[in-house]
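> How does the following fold in three dimensions:
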Amino acid sequence: MDSNGYSDPFVKIYLKPDMGKKAKYKTQIKINFLTEFSYEIKHAELAKKTLDVSVWDYDMGKSNDFIGGCQLGITAKGESLKHWYECLKNKDKKIERWHVLLNQNNVEADD
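Down below sits the predicted model:
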């Protein structure tokens with residue numbers, strides 16, 4: 001949170017292991033967080049990937065502050081792992097779920 005008590009949040013989304021620039025999505029500051037995204041990837045390759053979602057507070061002139069994040073993939077646990085399996089089982093189907101943000105950062109601050 002900024003010194004004025006406000007936050008300028010944005011979201012970073014990566015599909016790892018990295019596929020280059022195509023693997024990264026980043027939202028604008030203070031937009032509707034119902035932004036949709038998609039990746040062009042073969043279904044057979046998806047099981048080997050991890051989707052890393054992180055929320056950041058934009059700070060002009062200094063490093064952005066990590067707010068929280070979650071990962072979906074074979075190494076996830078609990079509800080995140082269930083969500084990942086549901087995505088793998090339901091090819092070409094839109095799967096939506098809410099996740100608790102954890103205080104675990106797997107993305108660089110200024111990527």
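> Leaving out sequence neighbours, find the closest residue to residue 101.
Using C-beta to C-beta, 6 or more residues apart in numbering and skipping the chain neighbours, the partner closest in space to residue 101 is residue 68 (2.7 Å). Just so you know, the C-beta spots here come from the backbone N, C-alpha and C atoms, and that holds for glycine as well.
> and if you look at residue 24?
In space, residue 24 is closest to residue 14, 5.5 Å off (C-beta to C-beta, 6+ apart).
> Pairing partners for whichever helix or strand that neighbour is part of, with directions?
For residue 14, the enclosing helix or strand under DSSP states H and E is strand 9-16. Sheet pairing for strand 9-16, assigned by DSSP bridges, gives strand 24-26 (antiparallel), strand 50-57 (antiparallel).
> Report pLDDT for the residue most central in space within the chain.
Centroid check for the chain by C-alpha atoms, centre = their mean gives residue 53 as the closest residue, at 1.4 Å. Note on residue 53: pLDDT of 90.
> Settle this for me: it is touching residue 15, isn't it.
No. Using C-beta atoms under 8 Å, residue 53 is not in contact with residue 15; the gap is 10.4 Å.
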